[in-house]
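Colleague: Quick one: sequence and predicted model below, then my questions.
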Amino acid sequence: MKILLLLCLLGWDAASAADPARLLFTRIGPAQTGLFVANADGTGERPLLPANGLDYNPSFSADGKWVVFTSERAGSADIYRVHADGSGLERLTDDPAFDDQAALSPEGSELAFVSSREGGFANIWVQDLSSGRARPIAKTNAGSFRPSWSPDGRWIAFTSDRDTHRARWDGGWEFLQSTGLYVVRADGTSLRRLTGPGGYAGSPRWSADGRRILFYRSTPKDVYPGRLGRNRPAVSQIVSIEVESGAVREYTSGPGLKVAPQWLPGGEIGYLRKFGEDKGLAFASGKSAAHGIMQNPSWSADGKMVVYHKRTGDKPASGMTPAFSRDPGFSLYRTGDFPSWSPAGDRFVVSIEPGLQMFDAKGGNGRIIYDSKGPQVAFPSWSPDGKTIAFGVGSYFSGHAKPAVIAMVNADGTGFRKVTEGPGNAGFPSWSPDGKRIVFRVAGSEQGLRIVDLENGNVTKLTTEYDNFPAWSPKGDLIEFTSFRDGDFEIYTIRPDGSGARRLTQTGGNDAHGIWSPDGQWIVFSSSRLGWKDEAFVLDSGPQPYGELFAMHPDGSGLRQLTDNQWEDALPAFQPRMAIR
């Protein structure tokens, strides 16, 4: 009863749980990842557990008997452990928040991990395994990552982007990240920063004598796009710092993104090389190791074994896959790019390369209905009568210099015709409820939102700011959109005549990809307000691995968080309730 009363006070009601809204969304992240163990050099690889879900970020216990890891097998990301032979699987945390990047204390009685509990930001938590009680340490409204226990169990080293200014790459959409190396006592006292501001430190590991901490060092400017291997690939070096004096020693040189370092017996250092022909496991001595696309390796203390995770699937198995939702009033399903439901809710389309694919309401019977024979097709939007699908066609996501137009086809993919012309870059169409007009955004030689009258082709300017992602309300009285007009990407509404512009969100970060519920009571959108949940350089699941789905009322009230993970979740699409019932 107490829980129900609390949920009602927060804006949740039992009826919404009994009849939840159903949303499709796009996730930039793997569909499956699995854990693998191998000899220290990567030879003799074998699965640790069956790879049929999302298991990742493993690490060995100090005695080598356990592997702790993150798994989404039960819904949210939680911490589990299993013996090195794959037996004795045990769940260690059970919370709807994001739990990840775990490390067992040297004696095995406590667990340090990253969690978004109590506020949504990634912080370091310590859990007593016998009682299950957990507590945050060095908590902040920023990100803290990759905890590592000192050999005596008295200290925890970690990295954090606290005390830094959130900067954008080239003034655009993508965020950079700057991290420092910190140590704190296991009871949360004596927090101390070991590296200077403005740099990048990642994935600390203690030396056996507890005097030095090993980590990789890079620069914030390489976070994007260098960490994805684009343009000029990122560069990092493996270094260590003496805890008492701050003296730094470097162990590698030259190009390449090197992460996840760890001291091994005999003075050897193992790490992961992320790009190039020799990507995979590596050793500072130059000793040969297995190549491949491994992620976040952890060696056993005796240096004989290594455990890591790998992608085993990139796309959902079908047109829609159930996903965990933190809110019982919203059911979530992962699908392809730019999903859009038909007005009857019996079909949906997604963008593919290059065209549109249609599925039935259960995600089955997928078929290509339109092939552009080259140009990119994106942002499909159904007409209110269900007879037509509008979309953008041209060049997107590579700058706005190349042209793109709004076009449409019949619901069966026939009858292609252009709605707009000209050299600009037009995209993100959304229909008026009466089906007579479409609002869209332009970029490039001009910017802002435009409305085209479908009867006569006349185009009127709605805005001239850096505005994007327009969505016409079901009542027709408002248009929701994202704007950078106040120096941050926030969500606004405006009347179709250009009056009454109103800002709905007030957070640092990107708030975008808004969509109305069919009854006009909710706007669901993607937001990066809670920041990074891991070090940027160890993530390769997309350019923006910090987007979560949120819901709010059209006046900005009643905020509810729907997703909580390390992937980019965006582009939601409500299924009309007539089809659900």
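Modeller: Received, thanks.
Colleague: pLDDT below threshold where in the stretch 351-500 of the chain?
Modeller: For the stretch 351-500 of the chain, not a single residue meets the criterion pLDDT under 70.
Colleague: swap the cut-off to 80 and go again
Modeller: By pLDDT under 80, the weakly predicted segments of the stretch 351-500 of the chain are 398-401.
Colleague: The residue lying closest to residue 350 once chain neighbours are set aside and residue 23, how far apart?
Modeller: Spatially, and ignoring its direct neighbours in sequence, residue 350 is nearest to residue 336 (3.5 Å; Cβ to Cβ, 6 or more residues apart in numbering). No exception for glycine: its C-beta is placed from N, CA and C like everyone else's. Relative to residue 23, residue 336 is positioned 14 Å away (criterion: Cβ to Cβ, to the nearest Å).
Colleague: These two: who's more crowded?
Modeller: More crowded of residue 336 and residue 23, by other Cβ atoms under 10 Å: residue 23, with 25 against 22.
Colleague: Show me what the host helix or strand of residue 442 is in contact with.
Modeller: Using DSSP states H and E, the element containing residue 442 is strand 437-443. With contact meaning Cβ atoms under 8 Å, 6 or more residues apart in numbering, strand 437-443 is reached by 381, 390, 392, 400, 406, 419-420, 424-432, 447-454, 462, 467-470, 472, 479, 481, 496.
Colleague: just stretch 506-520 next, same as before
Modeller: With Cβ under 8 Å, 6+ apart, stretch 506-520 has contacts from 21, 166, 173, 175, 468-469, 471-475, 480-482, 488-491, 505, 522-531, 544, 546-547, 554, 570-574, 576-577.
Colleague: Figure out the length between the terminal residues of that stretch.
Modeller: Between the opening and closing residues of stretch 506-520 lies a distance of 21 Å (Cα to Cα, to the nearest Å).
Colleague: Please apply the same query to stretch 176-195.
Modeller: End-to-end span of stretch 176-195 (Cα to Cα): 18 Å.
Colleague: Strands along the stretch 151-300 of the chain, start to end?
Modeller: Secondary structure of the stretch 151-300 of the chain (DSSP state E, counting those that start in this stretch): strands at 155-160, 180-185, 192-193, 200-206, 212-218, 237-242, 248-250, 258-263, 269-273, 280-283, 295-299.
Colleague: I'd like these laid out as a markdown table, including distance to residue 363.
Modeller: Below are the strands of the stretch 151-300 of the chain laid out as a markdown table (distance: least, Cβ to Cβ, whole Å):
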| stretch | distance to residue 363 |
| --- | --- |
| strand 155-160 | 39 |
| strand 180-185 | 44 |
| strand 192-193 | 48 |
| strand 200-206 | 38 |
| strand 212-218 | 40 |
| strand 237-242 | 45 |
| strand 248-250 | 51 |
| strand 258-263 | 36 |
| strand 269-273 | 35 |
| strand 280-283 | 35 |
| strand 295-299 | 28 |
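Colleague: how does the protein divide into domains?
Modeller: Residue ranges of the domains in the chain are recorded as 1-30+315-335+478-488+501-581, 32-313, 338-464, according to automatic domain parsing.
Colleague: Just give me the lowest mean pLDDT stretch among the ones you listed.
Modeller: Taking the average pLDDT of each of those, the minimum falls on domain 1-30+315-335+478-488+501-581, with a mean of 86.
Colleague: Give me the distance from that domain to the chain's centre.
Modeller: Using Cα atoms, centre = their mean, to the nearest Å, the distance from the centre of domain 1-30+315-335+478-488+501-581 to the centre of the chain it belongs to is 12 Å.
Colleague: same check, this time on stretch 107-120
Modeller: Using Cα atoms, centre = their mean, we find the averaged C-alpha position of stretch 107-120 to lie 20 Å away from the chain's own average C-alpha position.
Colleague: picking up where we left off before, could you tell me which of the contacts of strand 437-443 belong to strands?
Modeller: Cross-referencing those against strands under DSSP state E gives 381, 390, 392, 406, 425-431, 448-453, 467-470, 472, 479, 481.
Colleague: Please pick the buried ones from those residues.
Modeller: 381, 390, 392, 406, 425-431, 448-452, 467-470, 472, 479, 481 (16 or more other Cβ atoms under 10 Å).
Colleague: Need the buried ones from the contacts of stretch 506-520 selected in PyMOL.
Modeller: Here is the PyMOL command that selects the buried residues among the contacts of stretch 506-520 (16+ other Cβ under 10 Å):
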select buried, resi 21+166+173+175+468+469+471+472+473+474+480+481+482+488+489+490+491+505+522+523+524+525+526+527+528+529+530+531+544+546+547+554+570+571+572+573+574+576
